[in-house]
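Trainee: Quick one, structure for this:
(chains A and B)
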Amino acid sequence: MPVDRRSSPENFILIVFLAALALFVPLAQAADSTNMKLLTPEELVKILSDKSAKTPKPLLLQIGSQMLYLQAHIPGSEYIGQGNSAQGLQNLGRRVSNLPKTTFIVLYCGCCPWNHCPNVNPAYDALQKLGFTNVKVLYIANNFGVDWVDKGYPSAKGER
Amino acid sequence: MKKLGIVVVIGVLVIGWVALRRAAPNRAGASKLAPDFSLTDLSGHPLRLSDYRGKVILVDFWATWCEPCKQEIPRFIELQSKYPEQLEIIGISMDDDVEPVRAFQQQYKMNYPVALGSPKLADQYGGVLGLPITFVIDREGHIASRHIGATNPTVFEEEIRRLF
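Mentor: A predicted model of the protein is given here:
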């Protein structure tokens, strides 16, 4: 008796599994703010411009592309490397290796619209796994140009 | 007689609408000459913007890690195939390294030249602080429009056809 493979329970389970996988993969690559502690550009500008010693200044790490960093970055921030690359994560681990786990760290990218950013998620996860408890991610809705530079917030060019 | 009047009014409205669309100022500044550049593409060939004067040019700033850019590229490949004589697409990759770009170009069978960009070139084009950014350049070398972010493919086709 021929078996209708299309309607077998095994195939149904396989299809459901593949559909779930297809949904999961792109979401895993893009920025997912579900568990992240976020900071808006306005909030960060306020923190950076506050001269009182009450507000601790964060360690600012840019985890996007170098091409973007060289064109414009937040003054005082350090270029680390892309969060979605092994090299970038290695650089990140090295940079924070001697820091107290309570260090206030702000990660930012701004390469593309938030939902498409491939860098912030892996970098944030890496710091979580390393035990850092005070990490925030700068929420850049569109890109660094639109949400930071065009708003007139402080920015610098070049390697530093 | 009344019908004729209606037809005339509709005709005037249609002509006016077409004229307005043609004359619509671009977001990058009307009639600004596109900054010329001289690069070497990934195949080792010289790539100079001004060499394509006479064609409509689409300069696409993109990167291999940029998901919206990757969604646009197959459509650019189609457009380049469809209008080989009138259109030239130029891909400027903002990747930090050339190797992923080379692999991407082969995998997607990109049928237009691709070169690596630089912060200097990006500055000349007003800064490429987010991807993709695509410039449509008319046959005389003026920037007709600038599109930030992924753009509906039909928008590009309508726009370039108006410039042919």
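
Trainee: quick one: the helices in chain A?
Mentor: Along chain A, the stretches classed as helices by DSSP state H are A:9-29, A:41-49, A:66-71, A:86-96, A:120-129, A:144-147.

Trainee: what sits against the residue most central in space within chain A?
Mentor: Residue closest to the average C-alpha location in chain A (C-alpha atoms, centre = their mean): A:Val120, at 1.2 Å. By C-beta atoms under 8 Å, 6 or more residues apart in numbering or on different chains, A:Val120 lies in contact with A:31, A:36, A:63, A:83, A:107-109, A:137. Yep, even glycine has a C-beta here, placed from its N, CA and C like the rest.

Trainee: possible to save the residues you listed as TSV with pLDDT?
Mentor: As requested, these are exported to TSV (pLDDT from 0 to 100):
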residue	pLDDT
A:Ala31	68
A:Met36	92
A:Ile63	98
A:Gly83	97
A:Leu107	98
A:Tyr108	98
A:Cys109	97
A:Val137	98
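
Trainee: Got a ChimeraX select line for the buried ones in these?
Mentor: Applying 16 or more other C-beta atoms under 10 Å in any protein chain shown to the contacts of A:Val120, the buried members can be selected in ChimeraX as follows:
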select /A:31,36,63,83,107,108,109,137
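
Trainee: Helix, strand or coil: sort out the residue most central in space within chain B for me.
Mentor: What sits nearest the mean C-alpha location of chain B, by C-alpha atoms, centre = their mean, is B:Leu58, with 2.4 Å. For B:Leu58, the assignment made with DSSP: H, G, I helix; E, B strand; the rest coil gives strand.

Trainee: correct me, but it touches B:Ile90?
Mentor: Yes: taking contacts as C-beta atoms under 8 Å, B:Leu58 lies within contact range of B:Ile90: 7.2 Å.

Trainee: Against chain B, how distant is A:Glu43?
Mentor: Going from A:Glu43 to chain B by C-beta to the nearest C-beta, to the nearest Å gives 20 Å.

Trainee: For that residue, the count of nearby residues, please.
Mentor: The criterion is other C-beta atoms under 10 Å in any protein chain shown. On that basis, A:Glu43 has 14 neighbouring residues.

Trainee: near chain A, which residues of chain B?
Mentor: Proximity of chain B to chain A, by C-beta under 8 Å from any C-beta of the partner chain, involves residues B:63, B:65-69, B:94-96, B:117-119, B:122-123, B:127-131, B:148-149.

Trainee: That's all I had, so thanks and see you.
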